[in-house]
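J.: Test case, fold it:
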Amino acid sequence: KSTLLGAVNGLVPHFTGGTLYGTVTVDGRTTAGHPPRELADVVGVVGQDPLDGFVTDTVEEELAYAMEQLAIPPAVMRKRVEETLDLLGLADLRHRALY
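T.: Prediction:
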(Lines give C-alpha, C1' and ligand atoms only; values in the text may rest on other atoms or scores of the structure.)
Protein backbone atom coordinates (compact mmCIF):
# COMPACT_ATOMS: atom_id res chain seq x y z
CA LYS A 1 0.00 0.00 0.00
CA SER A 2 2.71 2.47 0.92
CA THR A 3 4.59 1.88 -2.35
CA LEU A 4 1.44 2.54 -4.36
CA LEU A 5 0.74 5.72 -2.39
CA GLY A 6 4.35 6.80 -2.87
CA ALA A 7 3.97 6.39 -6.63
CA VAL A 8 0.70 8.35 -6.66
CA ASN A 9 1.95 11.28 -4.57
CA GLY A 10 5.29 11.54 -6.39
CA LEU A 11 7.60 10.29 -3.66
CA VAL A 12 8.60 7.51 -6.06
CA PRO A 13 11.05 8.15 -7.68
CA HIS A 14 11.82 11.70 -6.46
CA PHE A 15 12.65 10.83 -2.84
CA THR A 16 12.62 7.09 -2.39
CA GLY A 17 14.71 6.28 -5.42
CA GLY A 18 14.16 3.14 -7.40
CA THR A 19 12.94 2.86 -10.94
CA LEU A 20 9.44 3.75 -11.99
CA TYR A 21 8.24 1.66 -14.93
CA GLY A 22 5.28 2.95 -16.88
CA THR A 23 3.45 6.20 -16.29
CA VAL A 24 1.56 7.37 -13.22
CA THR A 25 -0.76 10.27 -13.99
CA VAL A 26 -2.62 12.30 -11.38
CA ASP A 27 -5.02 15.02 -12.49
CA GLY A 28 -3.32 15.10 -15.89
CA ARG A 29 0.19 15.37 -14.42
CA THR A 30 2.81 12.64 -14.58
CA THR A 31 4.33 11.97 -11.19
CA ALA A 32 7.78 11.43 -12.73
CA GLY A 33 7.63 14.91 -14.25
CA HIS A 34 6.25 16.70 -11.19
CA PRO A 35 7.72 16.71 -7.69
CA PRO A 36 5.40 16.03 -4.75
CA ARG A 37 4.98 19.75 -3.99
CA GLU A 38 3.38 20.18 -7.43
CA LEU A 39 0.93 17.35 -6.72
CA ALA A 40 0.06 18.39 -3.17
CA ASP A 41 -3.02 20.29 -4.29
CA VAL A 42 -4.65 17.02 -5.41
CA VAL A 43 -2.91 14.22 -3.47
CA GLY A 44 -2.38 13.80 0.25
CA VAL A 45 -1.62 10.93 2.58
CA VAL A 46 -2.58 10.48 6.21
CA GLY A 47 -0.48 7.89 7.96
CA GLN A 48 -1.86 4.93 9.86
CA ASP A 49 -1.54 6.91 13.11
CA PRO A 50 -2.69 10.49 12.39
CA LEU A 51 -1.29 11.66 15.75
CA ASP A 52 2.20 11.12 14.32
CA GLY A 53 1.51 14.12 12.08
CA PHE A 54 1.37 16.58 14.96
CA VAL A 55 4.55 18.31 16.06
CA THR A 56 3.33 20.33 19.06
CA ASP A 57 1.37 19.67 22.23
CA THR A 58 -1.76 21.85 21.97
CA VAL A 59 -4.31 22.94 19.38
CA GLU A 60 -3.12 26.55 19.54
CA GLU A 61 0.56 25.62 19.15
CA GLU A 62 -0.22 23.35 16.21
CA LEU A 63 -2.04 26.16 14.41
CA ALA A 64 0.92 28.47 14.98
CA TYR A 65 3.65 25.99 14.03
CA ALA A 66 3.65 26.44 10.24
CA MET A 67 3.58 30.22 10.61
CA GLU A 68 6.56 30.06 12.97
CA GLN A 69 8.48 28.09 10.34
CA LEU A 70 7.70 30.83 7.81
CA ALA A 71 8.96 33.52 10.25
CA ILE A 72 5.62 35.32 10.30
CA PRO A 73 5.75 38.15 12.84
CA PRO A 74 4.35 37.09 16.25
CA ALA A 75 1.59 39.73 16.26
CA VAL A 76 0.34 38.61 12.84
CA MET A 77 0.60 34.97 13.87
CA ARG A 78 -1.44 35.52 17.05
CA LYS A 79 -4.13 37.34 15.06
CA ARG A 80 -4.34 34.54 12.49
CA VAL A 81 -4.47 31.85 15.16
CA GLU A 82 -7.32 33.72 16.90
CA GLU A 83 -9.20 34.12 13.62
CA THR A 84 -8.77 30.44 12.78
CA LEU A 85 -9.89 29.27 16.23
CA ASP A 86 -12.98 31.50 15.98
CA LEU A 87 -13.75 30.51 12.39
CA LEU A 88 -13.63 26.81 13.23
CA GLY A 89 -15.39 27.17 16.58
CA LEU A 90 -12.35 25.84 18.45
CA ALA A 91 -11.59 28.73 20.79
CA ASP A 92 -12.55 26.67 23.84
CA LEU A 93 -10.09 23.95 22.78
CA ARG A 94 -7.05 26.20 22.28
CA HIS A 95 -5.12 24.75 25.24
CA ARG A 96 -6.32 21.18 24.75
CA ALA A 97 -3.58 18.58 24.50
CA LEU A 98 -3.38 16.81 21.16
CA TYR A 99 -2.51 13.46 22.76
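J.: Contacts for the longest helix seen in the chain, please.
T.: If each helix of the chain is counted by residues according to DSSP state H, the longest one is helix 74-87. Identification of contacts with helix 74-87 by C-beta atoms under 8 Å, 6 or more residues apart in numbering yields V59, E60, L63, A64, M67, E68, I72, L90, A91, L93, R94. Where C-beta positions appear, they are placed from N, C-alpha and C, glycine not excepted.
J.: The third one: which element?
T.: The reference is to L63. helix 59-69 (DSSP states H and E).
J.: ok and that helix relative to helix 74-87, angle-wise?
T.: 140 degrees (axes from the mean of the first three to the mean of the last three C-alpha atoms, to 10 degrees).
J.: just the helices in this structure please.
T.: Applying DSSP H to the chain gives helices spanning 2-9, 11-14, 36-39, 59-69, 74-87.
J.: Now L90. Nearest residue, chain neighbours left out?
T.: Leaving aside its sequence neighbours, L90 sits nearest to V59 (C-beta to C-beta, 6 or more residues apart in numbering; 6.2 Å).
J.: tell me the contacts of the spatially most central residue of the chain?
T.: The chain has G44 as the residue nearest its centroid, 7.5 Å off, counting by C-alpha atoms, centre = their mean. Contacts for G44 (C-beta under 8 Å, 6+ apart) come out as N9.
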